[in-house]
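A.B. asks: here are the coordinates; sequence isn't available:
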Ligand code: NAD
Ligand code: DAU
C-alpha cells in the first residue's frame, strides 16, 4: 500500500508512521505535515533515511498542495489537527481552519484522485462527558464540550457526508487519551513528567478527580492499522485502553516513580467546560476486527516516564522559545494565585 499520513510529524502520527514501516515491509509512506508548534521532524528521525518514506511539508487546508500529493495514493490516514483543548479555549480560529476546512479539502482531493480509502482519526471527546458509570459506544450522541471537540465532531460529520453523498470509502476511529514517546509536553502526562524532572510544579486542574481512559500510543497505532486494512467503509470504530484513572492519581504515580515530593502538586483554577469523565466501549472493534489493547497501564506509564527521562534533549528543545510564552499564558496567573492562597 502507498499511504499518505497527515500529521505524521506529531505524536500519534510519528508513532504510526514508524509502526507501519516496521510491520509492513511492502508499504510506502508519504508523511504530510505543516510542522506547526506540535510537529517535529525529530519524531521521525528513525525513518527519515528509509527509502520507503518521504516527507512533505504543507498545509492540509491548501487545496493545491493536497491535490499534488494525493495522486497515486492508495489510502489516506488523516491525523493532522490542532489537538489541544486548552489552546482551543484560548482561540478556536485555527482549529476551524485545520480540523474542519482541512478535512474537507482532503476529502475532496481523495474523491477526485480516486483514493481507495480515507481513515479519519478522531477522538472520544466528540461524545462529551460521562457521569460516574457507563462508557461511550459508537451510537452515543455527539455532545462536544470544547471548541477542539466541536471541530473534530464537525470533521467526523464531513467524513460521513463524503461517504454517503459521493460513496467515498471512508471510516472513522474514535480513541481515548493516548500516552507514550514523542507526546508534546502540553498534554497531562508529558507535561507532568517533564515538570517533575525539572522540579517545577505540576498544575492540576480543579480537584484533580476527572477521569481519563488511558491507552498506550502503540496500541492505538495497532488499532488504526487494522481498521485501515479490515474495517468496513462508512463505519465508526471506538478505540480505548480500558485504563480509567483520576488525574490526581496519575500525577501522584509520576511523582512517586521519579522520587519527587508530593509538594510539587498544585491545585490550580479549573479548565472551563472541563469534561469530568471519559470511558470507551471498544467491544465493536474487538468483535469485528480482533483488536484489543495489550499494554497494561502500570508497565506503559513506567516505560513512558523512563523514555522522557532518557530523552531530556528532546523535551528541553521543545519546551523553549514559543512554548515558554504559551506556558506563561496558560499557567502563570493560575500558579501565582495558587501560591498566594497557599494551596497545595
Ligand atoms: P499532535 O498535536 O501531537 O500532532 C498534530 C500534527 O498535525 C503535528 O505534527 C502538526 O504539525 C500537524 N498539523 C497541524 N496543523 C496542520 C495543518 N494545517 N496541515 C498539516 N499538518 C498539520 O496531535 P496528536 O496527539 O498526535 O493527535 C493526532 C490526531 O489524533 C488528531 O487528529 C487528534 O484529534 C487525534 N487524537 C488524539 C488523541 C490523543 O490522546 N492525543 C486521542 C484521540 C485522537
Ligand atoms: O480523549 C482524547 C483526547 O485526549 C484527544 O482528543 C486530545 O487531542 C488530547 O489532548 C486529550 O484531551 P484531554 O483534554 O483529555 O487531554 P489533556 O492531556 O489536555 O488533559 C488530560 C486531563 O488532565 C484533563 O482532565 C485535564 C487535566 N489537566 C491537563 C493539563 C494539560 C490538568 O489537570 N492539568 C494540566 O496542566
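C.D. replies: The structure has been received and is ready for your questions. It should be emphasised that the depicted structure is a prediction, and the values quoted were computed from it without experimental measurement. Ligands and ions are numbered 1, 2, ... in the order given.
A.B. asks: neighbours of the residue in the stretch 201-344 of the chain positioned nearest to ligand 1, how many?
C.D. replies: At 7.1 Å from ligand 1, residue 220 is the closest residue in the stretch 201-344 of the chain, using CB to the nearest ligand atom. In short, each C-beta sits where N, CA and C put it, glycine included. Residues lying near residue 220 (other CB atoms under 10 Å) number 26.
A.B. asks: ok, residue 191 next?
C.D. replies: With other CB under 10 Å as criterion, residue 191 counts 21.
A.B. asks: what residues are up against the residue nearest to it when sequence neighbours are not counted?
C.D. replies: For residue 191, ignoring the flanking residues on the chain, the nearest one in space by CB to CB, 6 or more residues apart in numbering is residue 185 at 4.9 Å. The contact partners of residue 185, by CB atoms under 8 Å, 6 or more residues apart in numbering, come to 191, 193-194, 315, 318-319, 323.
A.B. asks: top of these by neighbour count?
C.D. replies: residue 193 leads the contacts of residue 185 on contacts (other CB under 10 Å) with 27 neighbours.
A.B. asks: what score does it have for pLDDT?
C.D. replies: Here, the pLDDT recorded for residue 193 equals 98.
A.B. asks: helices or strands up against the strand or helix carrying it?
C.D. replies: In the assignment (DSSP states H and E), residue 193 maps to helix 188-197. For helix 188-197, the elements it packs on are strand 177-179, strand 202-205, helix 247-258, helix 297-310, helix 312-318, judged by 3 or more CB pairs under 8 Å, 6 or more residues apart in numbering; DSSP states H and E.
A.B. asks: helix, strand or coil: sort out the closest residue to residue 153 other than its chain neighbours for me.
C.D. replies: In space, and not counting its chain neighbours, residue 153 is closest to residue 126: 4.1 Å by CB to CB, 6+ apart. Put simply, residue 126 is helix when judged by DSSP: H, G, I helix; E, B strand; the rest coil.
A.B. asks: how near is residue 158 to ligand 1?
C.D. replies: 13 Å (CB to the nearest ligand atom, to the nearest Å).
A.B. asks: ok, and for the strand or helix carrying that residue, which residues are buried?
C.D. replies: When elements are assigned from DSSP H and E, residue 158 belongs to helix 147-166. Going by neighbour count (16 or more other CB atoms under 10 Å), the buried part of helix 147-166 is 147-156, 158-160, 162-163.
A.B. asks: can you give me the mean pLDDT across it?
C.D. replies: On average, helix 147-166 scores 98.
A.B. asks: any bit of it sitting next to ligand 2?
C.D. replies: No - counting by CB under 6 Å from any ligand atom, ligand 2 is not contacted by helix 147-166; separation bottoms out at 6.7 Å.
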